[in-house]
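>>> sequence-free structure coming up:
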């Protein structure tokens, strides 16, 4: 079984850069949250440790400021 290599989206030429990881960028951060509202782990998302820490911190700040929900609507 051949697995596809996971690619960090923040190092691609056409993708978002590390400087785009900010708590106000909710559209980007919502890609790293499941339907239940859980943060996707780095082994699944393909991020390296540095980018995953930045994404995690930005998601938690956005949740604290009520820009992102802690729990999605369909699971309430």
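Good, I have the coordinates. Keep in mind it's a predicted model, so treat the numbers as computed, not measured.

>>> what stretches of this structure score poorly on pLDDT?
74-76 (pLDDT under 70).

>>> can you give me the helices for it?
26-29, 42-45, 49-64 (DSSP state H).

>>> any chance of those in TSV, plus distance to residue 6 and mean neighbour count?
No exception for glycine: its C-beta is placed from N, CA and C like everyone else's. Shown next, in TSV, are the helices of the chain (distance: least, Cβ to Cβ, whole Å; neighbours: other Cβ atoms under 10 Å):
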stretch	distance to residue 6	mean neighbour count
helix 26-29	18	15
helix 42-45	8	13
helix 49-64	12	16
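
>>> Make CSV from those and add distance to residue 71 to it.
Shown next, in CSV, are the helices of the chain (distance: least, Cβ to Cβ, whole Å):
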stretch, distance to residue 71
helix 26-29, 15
helix 42-45, 20
helix 49-64, 10
